Every structure is written in structure tokens, then in C-alpha cells.
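>>> Using only what follows, build the 3D model:
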Amino acid sequence: MPSKIVDRYKRILNGEQKRFSPYEFEDVQYRKQKVQLVVRYAIENVKRWTPDQARRELSLQDVKELKLHLVREFIEPPIEAKAEDVYYFVEFAYPYLPRLSEEQRVLWVYQEVLSGIRRHFPPAYFQSIKGEERAKICIDYMCKHLLKLADLRQLPSIFSKTERAYTLLKTYKLKILVDTLYFSPFDMVTEMYPELSDPSYWEEL
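You can find the predicted model right below:
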């Protein structure tokens, strides 16, 4: 029974056993429920936190002290999670907790890259269709909030000179988009904003 996992977890916390049996999580049917029960017990009965409080305050040190590293392999981190992030343990245990929207998650990552909290975007962050959507969110943010463009039709005048475009993208930490996703700054702009592909926007700039 999945509920018995808590008794075994208590024994681990008390030092009566070192780890779960290698067969504990073998049954895929009950694996998620068992891991959720362990994390919930740690949060509610050991730390005495609410789920919201746990999402804010749970640290990597807490994970070690609560022996939650023993179930970490069964909790897949979201792509935007940094190595030291553990908030997703709580989100796994409490699926009903409100989540950030995709746009909010992308902007959180981008702002951390801009501020230097992150040295770079997560691996494979801009791959696939989802990656293209993330790229568009970042470029939209750069245009509206960093370059403060009143009209996107100003973009061709900024990106028409390749060297200038690369310098700008490097300044705002988005050169990776042209390095990995698009052939050139022109290709990036016209792919993201098809309305700007009219040659008249790019003539004699």
C-alpha cells in the first residue's frame, strides 16, 4: 500500500534505516503517489509549513536534512530550474498549486540571465516549437521594455546592419537565438514578425 511509505520514511528520518528499498518505487502505478506522500509528510509534519510557504522557503539544505534526495530521481525538474532550485519538489507534491504561465517562466529566466544570476539560458531552451515560442517572448520583451520601441516597424532599421544587430543581441543576451535557431538577424525578425518581411521595410536602411 502506498500509505505505508510514510512509516518507512519515518524510519529513515529516525536513523533506523538508511534508504528506501531498491524495489520501493518499482511499481510505476504507485510511484508518483508514494513520492508525493513522502514530500508532503516532510513539509507538513516535519517542517510544519503550508504548501505555499514550502515553495518559497524549501532549500537544497532542507532537502538533504529531510532525506528527500532519496526520491529526487523520481521528480523531474522543469527546464528552467537551476541546479540549486528545489521549489519543484513542492509543485510535484501539490499539483493544485497555482503555477506561473509559460510567458512568466520565460521572462523569469530571461531576467535572471540579464541580471547575471544565470550565466546563460538552460540547455536546449530554444529548441523545438516550444523553444521558438520562448525566443519570441524574449524578443518581444527586449523590443518593448529594453529598447522601448513604440512600433515594431522600427525593427528593420535596427536589424538591417548585421554587425549592429549582432552587437545589440549580444548586449541583451539573445545572440544565442541567431547562433542556434535562426540563420541571421534578418531571418529572425521576419520569422517572428512575418508582417515585417515586406522588402520595402528593409530598403535603403
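
>>> what's around the closest residue to Y182 other than its chain neighbours, how many residues?
Leaving aside its chain neighbours, Y182 sits nearest to M188 (3.9 Å; criterion: CB to CB, 6 or more residues apart in numbering). Backbone N, C-alpha and C define where each C-beta goes, glycine included. Using other CB atoms under 10 Å, M188 is surrounded by 22 other residues.

>>> please renumber so the chain begins at 37
Fine by me, first position is 37 from now on; the one you just mentioned is M224.

>>> hang on, isn't M224 packed against D215?
No: applying CB atoms under 8 Å, one finds M224 not in contact with D215, separated by 10.8 Å.

>>> Specify the local secondary structure of the spatially most central residue of the chain.
The structure's the chain has its C-alpha centroid closest to E116; by CA atoms, centre = their mean the separation is 1.7 Å. Following DSSP: H, G, I helix; E, B strand; the rest coil, we place E116 in the coil state.

>>> Not including adjacent chain positions, what is the nearest residue to it?
V145 (4.9 Å).

>>> shouldn't that neighbour be in contact with I153?
No: V145 lies out of contact with I153 (CB under 8 Å); the separation is 9.6 Å.

>>> which strands and helices sit next to the lowest-mean-pLDDT helix or strand in the chain?
Ranked by mean pLDDT, DSSP states H and E, the weakest helix or strand in the chain is helix 191-195, scoring a mean of 89. Judged by 3 or more CB pairs under 8 Å, 6 or more residues apart in numbering; DSSP states H and E, helix 191-195 is in contact with helix 198-207, helix 221-228.

>>> could you give the angle of the last one to helix 198-207?
This points to helix 221-228. Helix 221-228 runs at 70 degrees relative to helix 198-207, counting by axes from the mean of the first three to the mean of the last three CA atoms, to 10 degrees.

>>> Can you tell me the closest non-neighbouring residue to P87?
Nearest residue to P87, sequence neighbours excluded (CB to CB, 6+ apart): Y130, at 4.4 Å.

>>> Could you tell me the phi and psi values at that neighbour?
phi -130, psi 80 (degrees, to the nearest 10).

>>> That one and R76 touch, don't they?
Yes: counting by CB under 8 Å, R76 is a contact partner of Y130 at 7.5 Å.
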